[in-house]
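> Fold the following.
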Amino acid sequence: MNDLTALFEMVPAQADLVELAMAGTLTLIALAAGVAAQRIAGARVAQWWRDRVGAHVEGLRPRIATIVRHGVAALLLAFVYVVWGWGPLAAAAIGFAMAAAATLTAHQLMRGVGIPRWAAAVVEVVVFTALFSHAVGGLEPITSTLDAIGVTVGTRRLSLLALVGALVTLVVLMAMVRLANRITAHTISHARAFDPTQKVLAQKIAGIAIVVFAFLFGIDLLGIDLTAFAVFSGAFGLAVGFGMQKTIGNLIAGIILLLDRSIKPGDVIAVGTSFGWVNKIGVRAVSVVTRDGKEYLIPNEDLMTREVENWSYSDRNVRVRISVRVPYDCDLTLAQELMLKAARESPRVLDSPKPNVWLTAFGTDGVEHEILAWISDPESGVGNVRSDVLNRLWVMFREAGIGMPFAQRDIYVRSLPGREADDAA
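A predicted model of the protein is given here:
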């Protein structure tokens with residue numbers, strides 16, 4: 001008899017079942033509202049995000065519609081949960097749906113900013129557990145259990161609860177830093193008041209400021225005393241002095257390059273035997289792209305200490321030298337006029353400064369000339385300008401009857417074997 005009474009007490013009352021049905025209905029309405037928000041506003045929000053942020057946070061744009069759906073559902077479910085004092089069954093149903101929607105929103109956000117799967121999974125588990133536990137009775141049992149598991153190191157106790165909190169804080173701050181850096185980079189890149197060099201410098205300074213602020217905010221949030229970092233800062237200083245001096249040196253060299261504007265994005269530079277245009281000035285190295293499509297990563301410190309030719313430092317105009325040899329028996333004045341005409345007709349050769357022709361030497365096989373032509377887009381290549389001018393000049397020479405010189409040698413025979421004997425006889 002007592003067993004039957006206990007069994008009947010476990011069966012929900014009619015009022016609880018009615019409340020559960022109401023909670024289920026409101027939950028379905030909230031989920032349907034999330035789907036409707038995705039269809040109505042998802043594409044518009046994604047378009048707005050692309051216009052405002054562009055490709056700097058490209059991973060989030062395809063997920064915007066899904067984030068809108070789960071986010072709206074989570075907010076509506078949280079509102080439903082708060083406005084009424086639900087019974088245990090109804091609260092558990094609403095709490096489960098709310099926790100699931102919030103977890104899916106966190107998953108899309110974390111993966112959208114490039115957080116690793118394992119780190120995103122930790123945050124998702126914590127979000128779901130916290131929200132669902134709060135709905136069914138509170139977090140006290142879970143937090144007490146996690147806090148009871150730990151070890152004491154010196155005067156400080158490290159518990160599993162503190163470890164989980166620190167890990168979640170680190171992951172969330174990492175996601176916020178990445179998002180803030182990319183949004184800031186997009187905003188600065190579209191600022192009309194900055195030139196390209198100032199934009200890169202502003203992006204670097206803003207990135208460093210965001211990281212420092214996030215570090216200090218995380219320290220304060222976790223309740224860590226800054227004096228605990230006194231020994232760590234000393235060790236870090238030694239590491240910088242010995243093991244990280246190259247890294248710090250490249251960072252400082254990159255900032256100096258941007259400040260004095262000796263090398264900036266878009267410049268055409270020559271280092272050693274190769275040349276290319278500066279694609280990006282990074283924290284560690286400068287990216288230089290050649291005409292062959294190869295990308296060289298040159299450490300910033302090397303550009304500070306080595307000799308570098310900057311073809312567009314103060315002026316983007318570059319003079320191209322094109323060697324031409326004509327035979328001695330040609331009309332030299334006509335040949336020089338054709339050289340100037342071929343240079344002027346080349347589309348990339350500038351009219352001002354004017355192209356010129358120099359007679360440089362009387363060679364062994366012909367008269368040596370140099371065509372001096374100016375271009376304003378060296379990043380498009382120099383060899384193709386030489387090729388275009390020489391091709392045009394070849395056609396003009398053929399039409400004018402001017403040939404190409406070739407090696408000629410006169411041989412004088414002083415004696416032949418056996419000829420001296422015949423002459424003596």
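> you'd agree residue 164 is up against residue 127?
No: look at residue 164 against residue 127 with C-beta atoms under 8 Å: they stay out of range, at 12.0 Å. In this view, the C-beta of every residue, glycine as well, is placed from N, C-alpha and C.
> okay, these two: which has more neighbours?
More neighbours surround residue 127 than the other of residue 164 and residue 127, with 20 against 16 (other C-beta atoms under 10 Å).
> And what about that one, helix, strand or coil?
Three-state assignment for residue 127 (DSSP: H, G, I helix; E, B strand; the rest coil): helix.
> ok, now residue 279?
strand.
> so who does it touch?
By C-beta atoms under 8 Å, 6 or more residues apart in numbering, residue 279 lies in contact with 265, 287-289, 295.
> From residue 393, how far off is residue 363?
Distance, residue 363 to residue 393, by C-beta to C-beta, to the nearest Å: 18 Å.
> and what of residue 339?
Counting by C-beta to C-beta, the gap from residue 339 to residue 393 is 6 Å.
> Give the intersection of the neighbour lists for these two.
residue 324.
> Looking at those two now, which is surrounded by more residues?
More crowded of residue 339 and residue 393, by other C-beta under 10 Å: residue 339, with 27 against 22.
> Give the buried residues for the helix or strand containing the more buried one.
Assigning secondary structure by DSSP states H and E places residue 339 in helix 332-345. Buried residues in helix 332-345, counting neighbours by 16 or more other C-beta atoms under 10 Å, are found at 335-336, 338-339, 342-343.
> Does anything pack onto that helix? Which helices or strands?
With contacts taken as 3 or more C-beta pairs under 8 Å, 6 or more residues apart in numbering; DSSP states H and E, helix 332-345 sits against strand 318-326, strand 356-362, strand 367-375, helix 383-400.
> Output the ones you listed as JSON lines; include the columns distance to residue 92.
Below are the helices and strands packed on helix 332-345 laid out as JSON lines (distance: least, C-beta to C-beta, whole Å):
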{"stretch": "strand 318-326", "distance to residue 92": "74"}
{"stretch": "strand 356-362", "distance to residue 92": "88"}
{"stretch": "strand 367-375", "distance to residue 92": "74"}
{"stretch": "helix 383-400", "distance to residue 92": "72"}
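> ok so, going back, of the contacts of residue 279, closest to residue 380?
Each of the contacts of residue 279 was scored against residue 380 by C-beta to C-beta, and residue 289 proved nearest at 12.1 Å.
> Pull the contacting residues for the closest one.
Contacts for residue 289 (C-beta under 8 Å, 6+ apart) come out as 276-277, 279, 295-296.
> Give the bridge partners for it, please.
Beta-bridge partners recorded for residue 289 (DSSP bridges): residue 277, residue 295.
> Quick check: the gap between it and residue 278.
Counting by C-beta to C-beta, the gap from residue 289 to residue 278 is 8 Å.
> do the same with residue 20
Distance of residue 20 to residue 278, computed by C-beta to C-beta: 66 Å.
> Could you check which of these two is surrounded by more residues?
Between residue 20 and residue 278, residue 278 has the larger neighbour count (other C-beta under 10 Å), namely 23 against 20.
> And the pLDDT at that one?
Per-residue confidence at residue 278 stands at 83 (pLDDT).
> What helices and strands are in contact with the lengthiest helix in the chain?
Ranked by residue count, the top helix of the chain under DSSP state H comes out as helix 160-189. Counting by 3+ C-beta pairs under 8 Å, 6+ apart, the packing neighbours recorded for helix 160-189 are helix 43-53, helix 88-112, helix 117-136, helix 140-148, strand 150-153, helix 196-222.
> So which bits of the last one are buried?
So that's helix 196-222. 196-204, 206-207, 210, 214, 218.
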